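Undergrad: Could you look at this predicted model? Sequence included:
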Amino acid sequence: MHNSSISFQVLPKTKNDMELIRIVDEVIRMIKKSGVNYMVGPMETTMEGKLETLFEIVKKAQYLCIKSGAKNVFTNVKIIYNPKGVMTIEEKTKKHRR
């Protein structure tokens, strides 16, 4: 059971769009390696799991953006938390897929 769902968008400050995409791709690779269930969207990535685990991933994303060459990073975060469990990504999106 997952007690949290976090959607977040990193916006690393870079010289150009290609650098921004490269850094965002690195963040997505880090999320994939974390083992949490996630879905990449066109504007943000949504993850589900334990709140502490997801917070740690968001924190690591900040450091990874800087390590990867961004001057700074602006991050938008949305959090759903319920100790008894939250709806899964699949439950929220299944009826809207083609």
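TA: Right, received. Where do you want to start? Residues are numbered from 1 along each chain as shown.
Undergrad: partner residues bridging the residue lying closest to residue 41 once chain neighbours are set aside?
TA: Excluding the flanking residues, the one nearest residue 41 by Cβ to Cβ, 6 or more residues apart in numbering is residue 7, at 7.9 Å. For the C-beta atoms, the positions are set from N, CA and C on the backbone; glycine is no exception. Under DSSP bridges, the beta-bridge partners of residue 7 are residue 46, residue 78.
Undergrad: Give me the buried positions along the helix or strand where residue 90 lies.
TA: Following DSSP states H and E, one finds residue 90 within helix 89-93. Going by neighbour count (16 or more other Cβ atoms under 10 Å), the buried part of helix 89-93 is residue 89.
Undergrad: repeat for stretch 54-74
TA: Quick answer for stretch 54-74 (16+ other Cβ under 10 Å): 54, 57, 58, 61, 62, 64, 65, 68, 70, 73.
Undergrad: mind listing which of those are in helices?
TA: 54, 57, 58, 61, 62, 64, 65 (DSSP state H).
Undergrad: Might you report the residue contacts of the second one?
TA: By that I understand residue 57. 6, 30, 31, 34, 36, 47 (Cβ atoms under 8 Å, 6 or more residues apart in numbering).
Undergrad: picking that back up, the residue nearest to residue 41 and residue 75 touch, don't they?
TA: No - judged on Cβ atoms under 8 Å, residue 7 makes no contact with residue 75 at a distance of 11.0 Å.
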